[in-house]
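What would the 3D arrangement of this be:
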Amino acid sequence: MGRWGMPMKSRNHGFTLIELLVVVAVVALLISLLLPALGRAREAAERVLCLGNLRTLGQAAYAYSLDSSTGAFVPTLGDGNDDLAYLYPNYFDVAEAAVCPSTQNRVDPTVIMDSTNAGSMFPDLPCGFNLERIGLQAIHDRPILLHLTAIARGRDDNGVAPPGGANPCQPIDNQYNFGGHSYEVDAWMNEGVWPDGRIVVGNLQRNLQRGWDEADDNVLSSVLEEEFNLDGEWQLLKRTSTVRSPSTNRIFGDGDAGNRIDLPDGSINNFPDPFDNHGDDGLNVAMADGSATWLDRGREVIETYLRSQRTPRTIGVQDNLGGVTSAITNGEVLSRYIPDLEIRTREEQGRRIDWFILNTREN
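Numbers count the residues shown, from 1 in each chain. Below you'll find the model as predicted:
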C-alpha cells in the first residue's frame with residue numbers, strides 16, 4: 001500500500017530496448033576485438049605443428065639418405081615431382097605428418113594404390129593422369145598411399161571432387177580437388193654458379209643419378225618420361241655426397257598454390273601469398289640435416305633458395321598448363337626483396353648457366 005493507503009503499481013524491472021541494443025553493441029565490439037586475436041593464436045599454434053611435421057619429414061629424408069645406396073635424400077623423378085611415398089612407412093609412419101594443419105589437405109591412409117588399381121583410380125581423366133599414376137606405382141613396386149605421391153592443389157584441396165567431377169585439364173569452377181599432401185619437395189639442385197662459390201653443372205642423366213639402369217627405365221610410362229625429362233642432365237640430385245651444407249640446404253617446404261588458375265593478378269609463384277599454407281607471413285622449411293625453421297616472407301625465402309642451389313623462380317602465377325597469368329615478373333620480385341642480387345650467365349664445362357652474385361654480402 002502507498003503512503004495514503006492507495007495500492008502501488010508494481011515496477012517492471014526488464015531491460016528497455018535501448019539498454020538491450022547497448023548490450024548487443026558491446027558484445028559485438030568485444031567479439032570483433034577477440035576474434036582476430038583468437039585467429040592469430042590458432043595460426044601460431046598451427047604454424048608450430050606444421051614446423052614439427054616438416055622436422056619429421058626432414059629427419060625421415062636424412063635417415064633415408066643413410067640407408068640409400070645412392071645417398072639420395074628423396075629420389076624423386078625431378079623438379080616438380082613432390083612424391084613422399086619413398087619415405088612412408090619405413091621412415092615416417094603417421095600419414096598426417098604430411099599435412100599442414102593450416103590447410104584442408106588430406107592424406108587418406110585407406111586410399112592405397114597398387115599394381116591392380118593404379119590405372120583405374122581416375123578412369124575418366126585425360127592428360128595422361130592415369131598413365132602417370134601407373135608409372136609412379138611401378139617405380140615404387142609396392143602398394144603406396146595415393147595422396148603421398150603428389151602435393152595438393154592449394155590449401156583448400158580436401159580431396160573431395162566438386163560437382164560434376166574433377167578434371168586436371170578443365171577444372172570445375174577452378175577446383176583441383178584430387179587430394180594430396182601439403183609440402184613441396186626440393187630434391188634436386190639447379191645448374192648455376194651460386195653465391196657461396198658452388199658450381200653445379202649437370203653431366204649425368206637423372207635416372208642414372210637415382211641409381212636406375214636401362215632395365216629400370218623400361219617400367220616408366222612415356223608420360224613420366226616427357227613430364228620430368230628423365231634423360232635430362234641439367235639437374236643434380238641432392239645426395240649426401242653432393243650437399244655440402246645440409247643445415248642450410250632446403251629439402252621440404254610449405255606448399256605453394258602457383259599451379260591454380262583462379263588466383264588473383266599479382267600473385268607470386270614459389271613465394272608466400274595470402275592463399276598459401278600460412279598466408280603471406282612466410283613459410284616453414286626442412287633442411288637436409290633434419291632441422292626445420294620458419295622463414296619470413298621476403299629476402300629469407302629467396303636466400304634459402306640460393307643456398308639450396310635452387311633457382312628462385314618467382315615468376316608470377318602459373319596455371320595448370322604452365323602459362324603465366326600474372327604481370328609480376330621474376331626480375332621485379334627479386335629487385336624488390338633482394339636488390340643486391342645480380343644474375344649473369346657464364347660458360348662452365350661447355351654449358352651456358354646462370355651466375356648468381358650477391359654484391360653487398362660475402363660470397
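
which stretches of the stretch 201-350 of the chain have low pLDDT?
When residues are selected by pLDDT under 70, those of the stretch 201-350 of the chain lie in 203, 213-233, 258-267, 313-331.

what does the stretch 1-150 of the chain give?
Along the stretch 1-150 of the chain, segments meeting pLDDT under 70 span 1-15, 37-39, 117-135, 137-138.

ok, which stretches of it are strands?
112-113, 144-145 (DSSP state E, counting those that start in this stretch).

Using JSON lines, lay out the ones you listed together with distance to residue 279 and mean neighbour count.
In short, each C-beta sits where N, CA and C put it, glycine included. Formatted as JSON lines, the strands of the stretch 1-150 of the chain follow (distance: least, Cβ to Cβ, whole Å; neighbours: other Cβ atoms under 10 Å):
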{"stretch": "strand 112-113", "distance to residue 279": "32", "mean neighbour count": "18"}
{"stretch": "strand 144-145", "distance to residue 279": "28", "mean neighbour count": "21"}
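
Rebuild those as CSV, extending it with distance to residue 359.
CSV is the format used below for these (distance: least, Cβ to Cβ, whole Å):
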stretch, distance to residue 359
strand 112-113, 49
strand 144-145, 46
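
Out of the ones you listed, flag the one nearest residue 75.
strand 144-145 (14.1 Å; Cβ to Cβ).

Identify the residues contacting the closest one?
The contact list for strand 144-145 (Cβ atoms under 8 Å, 6 or more residues apart in numbering) reads 85, 88, 95, 107, 108, 109, 111, 112, 113, 114, 136, 137.

Angles on the backbone of the closest residue to residue 348 other than its chain neighbours, please.
In this structure, residue 348 finds its nearest non-sequential neighbour in residue 201, 5.1 Å apart by Cβ to Cβ, 6 or more residues apart in numbering. In terms of degrees, to the nearest 10, the main-chain angles of residue 201 are phi -130, psi 120.

neighbours around residue 201, how many?
By other Cβ atoms under 10 Å, the residues close to residue 201 number 15.

Show me what the longest helix anywhere in the chain is packed up against.
Using DSSP state H to define each element, the chain has its longest helix at helix 17-67. On a contact count with 3 or more Cβ pairs under 8 Å, 6 or more residues apart in numbering; DSSP states H and E, helix 17-67 meets strand 183-185, strand 250-254, strand 282-287, strand 292-296.

Same list (these) but as CSV, adding mean neighbour count and distance to residue 77.
Listed next are the helices and strands packed on helix 17-67 as CSV, based on neighbours: other Cβ atoms under 10 Å; distance: least, Cβ to Cβ, whole Å:
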stretch, mean neighbour count, distance to residue 77
strand 183-185, 25, 10
strand 250-254, 27, 16
strand 282-287, 25, 20
strand 292-296, 17, 24
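
Would you convert these into JSON lines that also reports distance to residue 240?
Listed next are the helices and strands packed on helix 17-67 as JSON lines, based on distance: least, Cβ to Cβ, whole Å:
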{"stretch": "strand 183-185", "distance to residue 240": "17"}
{"stretch": "strand 250-254", "distance to residue 240": "12"}
{"stretch": "strand 282-287", "distance to residue 240": "13"}
{"stretch": "strand 292-296", "distance to residue 240": "19"}
